[in-house]
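Colleague: sequence isn't available, so here's the structure alone:
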């Protein structure tokens, strides 16, 4: 039996339990201020992306990228740089695998 199944089995009696509170919960929930957190989050994300794009353009962020790519293409490949490329690719690969596993676990819940 998996952990999730054990948790569901443990909490099932509490989920089915109904306590008569004479409408108290509904009254409290209806008086809470309605906040659109998702909308605010989307607006904040859009604002941050716009600021990042403006700064990228104003500070000419493409120049170091182009310079780095040009340097990589024109510099002869040594054993040291080859090992660094392999190490970097390995770390990025492990991070990608970890992200996929994490997302699979989230969707399984």
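Modeller: Perfect, thanks for sending it. Keep in mind the model is a prediction, meaning the values are calculated, not measured.

Colleague: now the residue located most distally from the centre of the chain: how far from residue 28?
Modeller: Summary for the chain: using Cα atoms, centre = their mean, the residue whose C-alpha lies farthest from the chain's mean C-alpha position is residue 22, with a distance of 41.2 Å. Taking Cβ to Cβ, to the nearest Å as the criterion, residue 22 is separated from residue 28 by 12 Å. From N, CA and C alone the C-beta is placed, and that goes for glycine too.

Colleague: that older thread, what is the three-state secondary structure of the residue farthest from the centre of the chain?
Modeller: Put simply, residue 22 is coil when judged by DSSP: H, G, I helix; E, B strand; the rest coil.

Colleague: what packs against the helix ranked longest in the chain?
Modeller: Of all segments of type helix in the chain, defined using DSSP state H, the longest is helix 79-108. If contacts are counted by 3 or more Cβ pairs under 8 Å, 6 or more residues apart in numbering; DSSP states H and E, helix 79-108 sits against no helix or strand.

Colleague: how far off centre is it?
Modeller: Helix 79-108 has its C-alpha centroid displaced from the chain centroid by 16 Å (Cα atoms, centre = their mean, to the nearest Å).

Colleague: quick one: average pLDDT of that helix?
Modeller: The predicted model assigns helix 79-108 a mean pLDDT of 90.

Colleague: can you pull the pLDDT of residue 76?
Modeller: For residue 76, the model assigns a pLDDT of 85.

Colleague: okay, buried residues for the longest helix of the chain please.
Modeller: Within helix 79-108, no residue counts as buried by 16 or more other Cβ atoms under 10 Å.

Colleague: re earlier: now the residue farthest from the centre of the chain: how far from residue 6?
Modeller: As defined by Cβ to Cβ, residue 22 lies at a distance of 35 Å from residue 6.

Colleague: with residue 66 instead?
Modeller: When Cβ to Cβ is the yardstick, residue 66 and residue 6 sit 55 Å from each other.
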